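Student: here you go, sequence then predicted model.
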Amino acid sequence: MGVRRKGHDVIVELVEDHNYVYRPSVDLLLSGVAAIYESKAIAVILTGMGTDGLSGARAIRAKNGYVIAQDEETSVVYGMPKAVAEARLTNSTVPAQNIAEEIMRAL
């Protein structure tokens, strides 16, 4: 799944891109969000296996967007949030139950 701008609208579309290991790809989605929303982008990296989301979080931060990661204690699998946290790409790391509040703070 990806996003692109079409005039004044932002379109969500299915993308067939074999450059991404994971499908659907968080990296692909977040890279598109970073390109469109730049410093207004907010990414939330939740529990999950692997490093999908790492390069997307890097793209968000490169545009001065905000990256939130779920903490280890509330993650079932701490792979994806851990990869982003270890790369020092997070603005905050919070328990799952505090993510909505953190999004509101970032707005």
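Tutor: Here it is on my side, so go on. Numbering: from 1, shown residues only.

Student: residue nearest the centroid of the protein?
Tutor: Centrality entry for the chain: nearest residue to the mean C-alpha point is A43, 3.8 Å, by Cα atoms, centre = their mean.

Student: which helices and strands does the helix or strand containing that residue pack with?
Tutor: Following DSSP states H and E, one finds A43 within strand 42-45. Here strand 42-45 is seen to pack against helix 26-37, helix 54-62, strand 66-70, helix 79-86, helix 99-106 when contacts are counted using 3 or more Cβ pairs under 8 Å, 6 or more residues apart in numbering; DSSP states H and E. Quick note: C-beta positions are derived from backbone N, CA and C, even for glycine.

Student: contacts for the second one?
Tutor: Contacts with helix 54-62, where a contact means Cβ atoms under 8 Å, 6 or more residues apart in numbering, come from 26-31, 33-35, 41-43, 45, 66-67, 80, 83-84, 87, 89-90.

Student: show the pLDDT at D71.
Tutor: The predicted local distance difference test score for D71 is 98.

Student: my error: substitute E16 in the last question.
Tutor: 79.

Student: am I right that it sits in a helix?
Tutor: No: under DSSP: H, G, I helix; E, B strand; the rest coil, E16 sits outside any helix and is assigned coil.

Student: gap between it and L54?
Tutor: Summarising the geometry, the distance separating E16 from L54, computed by Cβ to Cβ, to the nearest Å, is 22 Å.

Student: which of these two has more neighbours?
Tutor: Here E16 and L54 are set side by side on neighbour count (other Cβ atoms under 10 Å), and the busier one is L54, at 20 against 6.
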